[in-house]
Structure formats: structure tokens, C-alpha cells
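>>> Give me a model of this one.
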Amino acid sequence: MDTSPGAEIELRQRQRSDLPRLHDIITAVYEQTGYPVDGPSCFEDFLDPPSDQVLYTITAVLKPTDPETENEQPVAGHAMIMSPSSGALNLASKVHLQRGGTVENHAVLSRFFVNPAVQARGIGSKMLEEVTAWGRRERKRLVLIVLEKDEGAIRLYDRAGWVRVGEYVFTSKWGTGYNAIAYLGPQ
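Numbers count the residues shown, from 1 in each chain. Got it, this is the predicted structure:
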């Protein structure tokens, strides 16, 4: 993988052929950060939920700077927007709905991660800009949850103008509780 700082980032629709590499990346993310907290046993469903729950999925790839590897486009990150009816409707959305929004006006940003080998190069910011733009185009207010332990993600959402609307305890499928922050995306 070309991990040079000058490597160009390209965003595209996720392809089925990306899934094995994304599995490797989410494994590396989990080993470094513990995300997702349900662990490796959930990775297959995490990366490939039922298609009727998925509204939009992007993959970040690095375009090589070396002409000899120009046909390679290594996968660097992933983001998925899910239907609020997918069961992923979080506290942020529920709080907003109580203020007059409707379920149909929301979508859930989920499965958002960047390969640890290429973090801190703007990939997460670029993907967040793209999913936010998708939300605006589709007239969907994006919502998400992030665990307090994921400080880098919290900084990213705060810098990008996401609004904290609540805190609660997220319980993993193993019964472990984690302090979580609910966010609404910019309009």
C-alpha cells in the first residue's frame, strides 16, 4: 500500500471485492482501538448487513504515487449510511425526533473507520464530508453514536460541526456497558 503523505484519496462506492481487505482493516482497527466493541465475531455482519438496511456505502482508496503501481488502489477506509429502520436508530435520532423531526428524515452513519496505517492524513475528514453531502442531497439528517473511549473520532466529529445531543450507556452484545455520545450531523 502506498502510504506516502502525498498519496491521493479517492472515494467510490464500495465493491464486494473490497470486503476481504475491509475485513483486514477492521481487524487492525479493532486490535488498536477495540472498535467495534462486539469484536471479531461480528465483522462479517458488520461489514455486510442486509442490503435493505443500507442506503449508501463508500470506500476510500489511495491512488498510488508510484507509476509502477498505478493500477493498484489500496482500500484505506469505509463508511456506511443505514436506514433508521435498520435497528441502528440511536439516541441522537430519538432526541431529535422528540423535537419535531421524523424517522424518514434521518439516516445513521455507521461502520466508519480508517486503516490505522494511514490515519491522520485527512481520509476520515474527506469521508465525513462526503457522507454529510449525501445527507444534504437526500434530505436526511445524519445521526451517529461514538463511544467516549474513541477520542480521535470524537475530535473529528466536533471539528466537522456535528452536534452532541445526548450521552448514555451503550451495551455491547456481550453485556459490557460503554459511555457513548449521540451526535446529529450538520444540516
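
>>> so where do the strands sit in the protein?
All strands of the chain, identified by DSSP state E, fall at 8-13, 54-63, 75-82, 106-114, 141-147, 163-171, 177-184.

>>> average pLDDT across the second one?
To tie it back to what came earlier, the one meant is strand 54-63. Mean per-residue pLDDT for strand 54-63: 92.

>>> what do you get for the last one?
For strand 177-184, the mean pLDDT works out to 88.

>>> do the same with the shortest one
The average of the pLDDT scores along strand 8-13 is 90.

>>> wouldn't Cys40 be in contact with Glu31 here?
Slight slip there: residue 40 is Pro, not Cys. No. Assessed by Cβ atoms under 8 Å, Pro40 is found out of contact with Glu31, at 9.3 Å. Yep, even glycine has a C-beta here, placed from its N, CA and C like the rest.

>>> Please identify which of those two sits among more neighbours.
Pro40 (13 against 10; other Cβ atoms under 10 Å).

>>> Check what pLDDT the more buried one gets.
Confidence score, pLDDT, at Pro40: 76.

>>> And for the one 10 residues further on?
At Pro50, the predicted lDDT confidence score is 80.

>>> Distance check, it against Ser83.
As judged by Cβ to Cβ, to the nearest Å, Pro50 and Ser83 stand 10 Å apart.

>>> out of the two, which sits in the busier spot?
Ranked by neighbour count (other Cβ under 10 Å), Pro50 and Ser83 place Ser83 first, with 19 against 9.

>>> That one against Leu55, yeah?
Yes. Using Cβ under 8 Å, Ser83 is in contact with Leu55, at 5.8 Å.

>>> mind showing which ranges of this structure have poor pLDDT?
1-7, 64-73, 85-104 (pLDDT under 70).

>>> ok, the most centrally placed residue in the chain - contacts?
Geometric centre of the chain, nearest residue: Phe112, 1.5 Å, by Cα atoms, centre = their mean. Residues near Phe112 by Cβ atoms under 8 Å, 6 or more residues apart in numbering: His78, Ala79, Met80, Gly124, Met127, Leu128, Val131, Leu144, Ala153.

>>> so how many other residues sit close to the nearest residue to the fourth one once chain neighbours are set aside?
Yep, that's Gly124 we're talking about. Excluding the flanking residues, the one nearest Gly124 by Cβ to Cβ, 6 or more residues apart in numbering is Val114, at 4.9 Å. Residues lying near Val114 (other Cβ under 10 Å) number 25.

>>> If anything else comes up later, I'll come back, but that's it for now.
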